[in-house]
Every structure is written in C-alpha cells, then in structure tokens.
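Asker: Kindly generate the corresponding structure for this input.
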Amino acid sequence: MEHLTLSTFKDKIFDFENNKDWKYKGDKPCIIDFYADWCAPCKMITPILEEISEEYQGKIEVFKVDTQQESELAAVFQIQSIPSLLFIPLEDKPQMAMGALPKQALEQAITDVLKVEKSSS
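Answerer: Below you'll find the predicted structure:
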C-alpha cells in the first residue's frame, strides 16, 4: 500500500488545484484510507486493507493518507473523522465511507461502488 503525499496525490489521483471538475487520473479503481497513527480504529482496519490489496491485486489500488502529515489533503476532502475511506471508481464520482468497516462491508463497496469483482482463485 502506497502512502500518498500532496504532490503524489495530484499526480496519481486528482489535481484539485488546477481542475474544478473531478477527473480521476488512475487506470484502476482505488481506495484511499485517510488515517492517523494515534487512531485505534485506523490500526484495526490496516490489516484488512492489506488483505484486500493482495486479494484484488491488479484490479484495484489501495492508498493511505496520513491526515497529520497531509492536513491540506484532509481539508480538501473535509475529513472530520478517521478512518475515512474514499472509494474512487474509474468513471464515476468518488464516495466516502466513515469508520473502520468490516471486511465484508469493504468488499460490498468494492463491488457496488468500484464495480470490481474478486477473482475466484
């Protein structure tokens, strides 16, 4: 899982300084985990996101944003509570989910929002 900074976010996800309308730059749907090191629920969801990153490898990307270090990004997305997960489909508007969701709920959002099915291996 890659940690995004302000500049890598603008390169890989969306350049909000130069574009008003949402335009995702990635070639795969993604999930962005807005977290902080001191946040207990964030720590609970990290291993789940790591599993998802592996299980959906090649189909979706999973990124992390440290809201302490990247306060400008947190402000752009009006992050009030953490963890907050931003689900970004390829063609549609992103959707935010609050809280440490169980794996089943994350997989449901991957299917419904990102339109990605898990490979049956």
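Asker: Name the SS class of the residue nearest the centre of the chain, please.
Answerer: Nearest residue to the geometric centre of the chain (CA atoms, centre = their mean): Ile32, 1.4 Å. With DSSP: H, G, I helix; E, B strand; the rest coil as the basis, Ile32 sits in strand.
Asker: Remind me which helix or strand the closest residue to it other than its chain neighbours belongs to.
Answerer: Leaving out its chain neighbours, the residue that sits closest to Ile32 by CB to CB, 6 or more residues apart in numbering is Leu86, at 4.3 Å. The way it works is simple: take the backbone N, C-alpha and C, and place the C-beta from them, glycine included. In the assignment (DSSP states H and E), Leu86 maps to strand 84-88.
Asker: Report the strands that pair with that strand, each with its relative direction.
Answerer: Here strand 84-88 is paired, per DSSP bridges, with strand 30-35 (antiparallel), strand 95-98 (antiparallel).
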